[in-house]
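Trainee: Model the following, please.
(chains A and B)
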Amino acid sequence: MEQFESLLTCCVCLDRYRNPKLLPCQHSFCMEPCMDGLVDYVRRQVKCPECRAEHRIPYQGVQGFPTNVTLQRFLELHAQIAGELPDPTAGQIMERCNVCSEKAYCAPCAHCEKKVCEDCKSAHMEVLRREISRINNQIRRGLNRLQDILGIVERNTTNLQTNCGAVSGEIDEIHKRLSKALKDRTDFLRTEVDRYLATELRNLTNLKDNLELELSNIQSNCDLADKYMNDDTEWEDTELVDTKEIFLKTVEFLRNFDYEAGDYNRRIRFIMTHDPNQLVMHVASYGELNITQPNAYAGGMQQSQGLTRSKSDHRLATQFRQQEEAKGYTENDEPILGGRKFGERRPPPPERHTRDYGVTEDYSGYESEHRPSRRIRSRFVRSHLQDNDSDTEQPTRTTKVEQQKEKEKVTDTEDATKGPLSGIFRLSDCPRVMQRILDYDSGKKKEKKEPPPPPKPVQPAPQPRRPPPAQRQQSEDDEISRLKRQNKGAATSQEPDRPAPRAQEEERNTTTRKPPTPAREASSDGESDESVGSLQRNQRKTAPAPVTKPPTTTRRPSATEVSTPHRAPARAPSTESSASTESSGSAVKHTGNERTTPATTNGTTGGAQRVQSRFVGSQRPTPAPAPAEPAHEDSETSSEEETDSSEESEEEPAPPQRKPESQAMTRSDIGPLLARSTNARNDALENKTKETPAPTRYRSRQPTQPEEEPPAQRYGAGSSYNRYGSKPKEEERTSSIDDETKYPTARSKYLALKERRNRLARSKSSHTSFGVGDDDDQDDPVSPTTASPSAYLAARYGSGTGGSELSRSRSTHALKSRESSPERPTTGEKDGAALSSWARYLKNKYGSRGKDRDTGTSSSTSRRLSLGLPLRAANELASSDDDSKNAAGSPISPTAATAAVAGFAAAGSSPRSQYLQKRRLQFSVGSRGSEPGCFTWPRGIAVGPDNTMVVADSSNHRVQVFDSNGIFVKEFGQYGSGQGEFDCLAGVAVNRIGQYIIADRYNHRIQVFDPQGRFLRAFGSQGTGDGKFNYPWGITTDALGFIYVCDKENHRVQVFQSDGTFVGKFGSFGSKLGQLEHPHYIAVSSTNRVLVSDSNNHRIQVFDVNGRVLSSFGEEGSEDGQFKFPRGVAVDDQGYIVVADSEKIIEYKCFEVKYKEETKAV
Amino acid sequence: MAALPRRIIKETQRLMQEPVPGISAVPSETNARYFHVIVTGPEDSPFEGGLFKLELFLPEDYPMSAPKVRFITKIYHPNIDRLGRICLDILKDKWSPALQIRTVLLSIQALLSAPNPDDPLANDVAELWKVNESEAIRNAKEWTRRYAMDN
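Mentor: Numbers count the residues shown, from 1 in each chain, chains lettered A, B, ... in the order given. Just a heads-up that it's a prediction; the model follows:
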């Protein structure tokens, strides 16, 4: 058996054979790494370790040797018999370790996020362990601070209680006093009323009695008189007189008696000295509670309804934040563990995130315990975002924890003990850690034990987080290399830790940004509640978090715990979005909005919004201070939101899942492209201003382009203007700097160029001598395409002097001044200076007027034409590589295309007729064949900075270069897939520094050659990913050197930096606007418009440099303005688009903002 | 610590488990690629009875390149110089990854019993060995006795 075993052992690795390869000498060795290591690359031989026989290596390399199938069978047999487990690395492929670049079985390392070999990984783990212990020390040292704070909090709690007690006592007293006064007054008033009533009543009764008496008396008198005052009865005279007197009196009485109704009709009225409403208000709002200082923990705040718990939370939060900020604590916006569950793999690149994480065997045990990681992460990340919004995650934390508490039933052990301030949970509660400790204790996996899970305090809130930046300062690489060196035996002494915090921070940032931001509440379903979890939960319920609990409980007057469970979802997005983007003020608004909107927005859109805002937030790590308001409002409205939130919570899992992709996608699609390109451009600009090596792109370009428009103009269109227009001066300055740096070295070249320029200028100035009337520069419409200040200046000055000779010199001055060449002083410092400032002025003006230029363009051109200014000489055009140099060749007749592009001679007024003037054939080059100067299927064509014409001679697998007169200059390339070899190349482009960029079509790559045609680099391979190609066709560069490639079979355009770094992509298969079907060629205009010939859609699409589609034109057909499989596309500096239709060439006039078909010609 | 290649681990284990007679190779405590080696002088050779200390170091790309071996104990041998360097083809161009530590050490042991003065490293020794072999052998014995037997 032993011998059998030895037969199955590779003598190189002394291990079981793995993919045994049979050498001709009949010895077998593992393919990797054994056989691989035996290869003598120089002689392409492999020497058998057993018999020293040397064998030639097959073409494909060592895998070309036959596999020893017999041996493999034996291996399988042996494995069966012995019941061995399959080789864990069996299916794996060796890769280069990203750290030590040794070939090994690599696994992703959570530490550096690279795929690394075991060695490096363990080294990294060692580093981590050491860091942890160091951090732990710091935590221990810093812990007392927390304890102090705890003390303070406790003290403040009592303070708060006494304070509030006092205040409430005061209030009670006031209440007593007020109520007493009120009561007294009320009683008084009431008795007054009673008294009044009594007297009045008495009076009235009296009167009534009197009246009744009176009435009866008079009545009886009357009766008596009727009855007895007749003759029947005898009355004495006196009696009668008296009677009469009485009766008279009665009459008088009756006549005079007038009841003064007013007397007894008096009404008592209750009049308030103050307006009762006001008084009520006064009383109702009697006494305010003034919280003396936001910093004070204690303040009378219980009963005024304006102060709710959550507000106080926030107050605390702001206070906490202030502390933090004072300490320069910058990193708190990152979630703990970047939103992962403890021990989880770092969220992998987008697609992988649904996978379970514990793939490694060590972790497999936990799989079942974990609910789908997506959820977990989603919850975490939400927390992350919440944290984000308030700089110190504390405030949100506290509320969040409550939310979780009820809402999620705390299924998750990690949440259970999570410190509400820092989000740090008790490691020992983490199932993984528990398992580890268990393993460790049982001694089963002693060697495997985790970094001694330092019994971390439950809430080492601020400290543990703050230390990391400081301690992580050491350079990991140093560590690693040191460790490796140690391993190797070169016992080096411990190097002191070196601060490399920057990189680490960045790394951190990226990692934190990466984790998608899913919803916290996803975990609300408790189905995966493991026993441990519930246990933890119980634990946690019994043992509340020490630090925060006291305040929370005291702060929380009522059972908010119960009432706020569902707050999380609805709230998180709101605070998230607000905080991520805005400062506190607007955040308040936001939340207000959010409060109302969630009801209307359904989950998905809400999710999308959130995605967006999160995206923004994550992009911008600077957290906005947490406003006190939003949370407060939230808490008030939490009950309203319950419904929406519960809805959302169902929806929620989706967004998180989508999150990584969508983020990645939105990024990779346009946003990122935009951001990156802007960054890159900005960088470029900055670099240039700093006169760092970056300007190389521009350097040689400037001298070679006499007619080059000022940068401000170049960039002056539309949105791009915003980016560049603001820096025209810089541009100018930098360009001059560039030139200055450049010229001394390339003086001779400059002279030659100057010579040519002079020629050009001369020819121009002869034209311009007509332009006497062109005196009003103010209303000279600015055309970005035509206005070449030097020409313009030449015109002006030339007209002034009238002498072509002088104007020539002037124009050279102008040119030179624009370029501020070192030679300028010799010819006329003043002139040059004046002109340069003038040019600058013009440029600024043009740049600033770029927006309304579209209206003026045509008139400007026409005017220019009427003035006899040349629109552009042919060779000018050729030289202005910023737009037309990449004139894509027409597959049917490249020469015609060239002629169309190059053959300009303009006069006339309407754009169309102007254009028609240009179509004169100047010359044609080549014929079918494979000799120099002949072509077989020429495809791409481009114009180099030195007016050379570069043709991709596709089926001859070479690039041919002609001078501006069509004379063959050179060729390079041959068939093959090696460096500098082509396979049916398609597109060519020449960038500003004269490098040739070739789309090597069947090799699915882009190759870059130096101006001499020597291979510089290649990038890309076949595939559909970023930076991969599927038959790249057209290629072009823009003013900043970005390379645009028509990735034909992937139906998209990819953008790269000049060094081949992938920048972005746009377009997808389809026929909608912005979609592409077999895009063939591409061109970038001087106004930074990207034109793509969307061949199978029979149209040209116009994008901006960020890949946003602006417009498209053309449809299938053979009429004017219609296309049939348009191929080559080019723009000249006036914005004319030249399209090589498969049937004919059609020109378009393009404007700044929208491309409007103006000219059509066959 | 970076993990050692499995091959080195295996070899080390085998060296421990099935030591070669007359040879002991113990890895250093601090560096698993560094071995303290003791080779006994082969019988019927001038080095008989001596215990020769060597050091053996496995370079980074072992087994693709040969281990570095050096005599620490002074030895009078035409193929071993005063610094202890060994002139042995399998340590140089004839190295093969199929060779192992044990085979290397066995080869060295064999070299002790069969000096090859025609391919010398220590020229004076080789000269003497060729001119006056008996004296050379006497010297070798003397050196062995003096340097390789004391301890």
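Trainee: Quick check: A:D36 touching A:Q63?
Mentor: No. With contact defined as C-beta atoms under 8 Å, A:D36 does not reach A:Q63; the gap is 9.3 Å. Backbone N, C-alpha and C define where each C-beta goes, glycine included.
Trainee: any low-confidence regions in the chain?
Mentor: Just going to use chain A. For chain A, the stretches with pLDDT under 70 are A:1, A:84-94, A:102-105, A:259-266, A:292-423, A:443-919, A:1143-1162.
Trainee: nope, chain B please
Mentor: B:1-3, B:151.
Trainee: Please list the residues of it that sit near chain A.
Mentor: Applying C-beta under 8 Å from any C-beta of the partner chain, we find that chain B lies next to chain A at B:1-7, B:10-11, B:28, B:30-34, B:57, B:60-61, B:63-64, B:94, B:96-100.
Trainee: gap between the two ends of stretch A:21-38?
Mentor: 12 Å (C-alpha to C-alpha, to the nearest Å).
Trainee: buried sites along it?
Mentor: By neighbour count on 16 or more other C-beta atoms under 10 Å in any protein chain shown, the buried set for stretch A:21-38 is A:21-23, A:27-38.
Trainee: Helices - which of these land there?
Mentor: A:36-38 (DSSP state H).
Trainee: can you tell me which of those are up against chain B?
Mentor: The subset of these within reach of chain B, by C-beta under 8 Å from any C-beta, is A:37-38.
Trainee: residues contacting A:K1048?
Mentor: For A:K1048, the contact set (C-beta atoms under 8 Å, 6 or more residues apart in numbering or on different chains) comprises A:1030-1033, A:1078-1080.
Trainee: For chain B, which segments are assigned as helices?
Mentor: For chain B, the helices defined by DSSP H occupy B:6-17, B:101-113, B:123-131, B:133-148.
Trainee: Contacts for the last one, please.
Mentor: Outside helix B:133-148, the residues that touch it by C-beta under 8 Å, 6+ apart are B:41, B:46-52, B:73-78, B:125, B:128-129.
Trainee: repeat that for 7 Å
Mentor: Helix B:133-148 has contacts (C-beta atoms under 7 Å, 6 or more residues apart in numbering or on different chains) with B:41, B:46-47, B:49-52, B:73-77, B:125, B:128-129.
Trainee: Repeat that for the third one.
Mentor: Counting by C-beta under 7 Å, 6+ apart, helix B:123-131 makes contact with B:76-78, B:115, B:117, B:120, B:135-136, all of which sit outside it.
Trainee: send the alpha carbons of it over as PDB?
Mentor: Extracted in PDB, the C-alpha atoms of helix B:123-131 (Å, rounded to 0.1, in the frame of the first residue of the first chain):
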ATOM      1  CA  ASN B 123      42.800  23.600  -4.500                       C
ATOM      2  CA  ASP B 124      45.600  22.900  -2.000                       C
ATOM      3  CA  VAL B 125      43.800  20.000  -0.500                       C
ATOM      4  CA  ALA B 126      43.000  18.600  -3.900                       C
ATOM      5  CA  GLU B 127      46.600  19.000  -5.000                       C
ATOM      6  CA  LEU B 128      47.800  17.200  -2.000                       C
ATOM      7  CA  TRP B 129      45.200  14.600  -2.500                       C
ATOM      8  CA  LYS B 130      46.400  13.900  -6.000                       C
ATOM      9  CA  VAL B 131      50.100  14.200  -5.200                       C
END
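Trainee: Quick one: distance of it to the chain centre.
Mentor: 20 Å (C-alpha atoms, centre = their mean, to the nearest Å).
Trainee: quick one: that helix to helix B:133-148, angle?
Mentor: Orientation of helix B:123-131 against helix B:133-148 (axes from the mean of the first three to the mean of the last three C-alpha atoms, to 10 degrees) gives an angle of 140 degrees.
Trainee: would you turn the contacts of A:K1048 into TSV with distance to chain B?
Mentor: Converted to TSV, the contacts of A:K1048 look like this (distance: C-beta to the nearest C-beta, whole Å):
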residue	distance to chain B
A:N1030	39
A:Y1031	41
A:P1032	39
A:W1033	45
A:H1078	49
A:P1079	48
A:H1080	50
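Trainee: now, which of the ones in helices among the buried residues of stretch A:21-38 sits nearest A:G1025?
Mentor: The closest of these to A:G1025 turns out to be A:D36 (C-beta to C-beta; 26.3 Å).
Trainee: For the closest one, give its distance to A:P20.
Mentor: Between A:D36 and A:P20 the computed distance is 13 Å (C-beta to C-beta, to the nearest Å).
Trainee: same thing with A:L427?
Mentor: Per C-beta to C-beta, A:L427 is found 46 Å from A:P20.
Trainee: out of these two, which sits in the more crowded spot?
Mentor: Neighbours around A:L427 and A:P20, counted as other C-beta atoms under 10 Å in any protein chain shown, are more numerous at A:P20. The numbers are 25 against 22.
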